[in-house]
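Participant: what's the 3D shape of this:
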Amino acid sequence: MTNNEEFADEIGNNHIATNEQTPLRNDAFEKTDEEKIELIKKDVENILFTLGMDLTDDSLKGTPNRVAKMFVKEIFGGLNPNKKPSSSTFDNKYKYNEMLVEKNITVYSTCEHHLLPIVGRAHIAYISNGTVVGLSKMNRVVDYFAKRPQVQERLTIQIVKELQKVLNTENVACIIDAKHLCVNSRGIRDIESSTVTAEFGGKFKDDIVRREFLDYIKLDTNF
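Facilitator: Numbering: from 1, shown residues only. Coordinates of the predicted model:
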């Protein structure tokens, strides 16, 4: 194994993020979804064949196509900017100026280092700067950025930055508590541990405001 390969393995095995943005090529969307599905289907066929699987078996015949469609249309659908949630906002006419918290948002994502699931919960809070957003919008933002090969730290940052842009305020925070199957099912195989990441913007950098958020979600940490 070369030094470059060893370095790449070290980054992947330690789940280290190298970029705040999802690493996409400039030509990422030149192919249609259907073209991508056909190409991925052949790649999955080759993987299964190389592993020794009998692709003529009725149980396996449709697997390459199912996996390809799942990759493009479902678990990596958040790579496509056309699927980004609309950014409808509303005037804060009722003058609610306290913290709004949406907790226990389900997170289903995929670790970009081993392509295994990341499963957990996201907790989001913001303090209005004159604009509010529908509650389901926060869930949709989480789902959009989760549906791509991800690193949990990056996912947390992307959610906060998107909502800061939508709400036109820095006062946004996000905490994610998730299990990584690349830790739970391979490598160290620790099924009990989970990873907690946080991003605090604006007023949430203040200890008192941050503690109020943590109290709302009943998360005992030293953030």
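
Participant: please make it C-alpha for all contacts and neighbour counts, starting now.
Facilitator: Noted.

Participant: packing partners for the lengthiest strand in the chain?
Facilitator: Taking DSSP state E as the assignment, the strand of the chain that covers the most residues is strand 99-111. If you count contacts as 3 or more CA pairs under 8 Å, 6 or more residues apart in numbering; DSSP states H and E, strand 99-111 packs onto strand 117-127, helix 135-146, strand 149-150, helix 207-217.

Participant: in TSV, list the ones you listed along with distance to P64 and mean neighbour count.
Facilitator: Below are those laid out as TSV (distance: least, CA to CA, whole Å; neighbours: other CA atoms under 10 Å):
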stretch	distance to P64	mean neighbour count
strand 117-127	19	23
helix 135-146	23	20
strand 149-150	19	24
helix 207-217	41	15
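
Participant: ok, now which ones touch R121?
Facilitator: Under the criterion of CA atoms under 8 Å, 6 or more residues apart in numbering, the contact partners of R121 comprise 103-107, 176-178.

Participant: mind checking how far it is from S88?
Facilitator: With the distance defined as CA to CA, to the nearest Å, R121 ends up 24 Å from S88.

Participant: could you do I75 as well?
Facilitator: If you go by CA to CA, the gap between I75 and S88 works out to 25 Å.

Participant: okay, helices next: where are they in the chain?
Facilitator: If you assign secondary structure with DSSP state H, the helices in the chain sit at 3-13, 33-50, 63-69, 135-146, 152-167, 181-184, 207-217.
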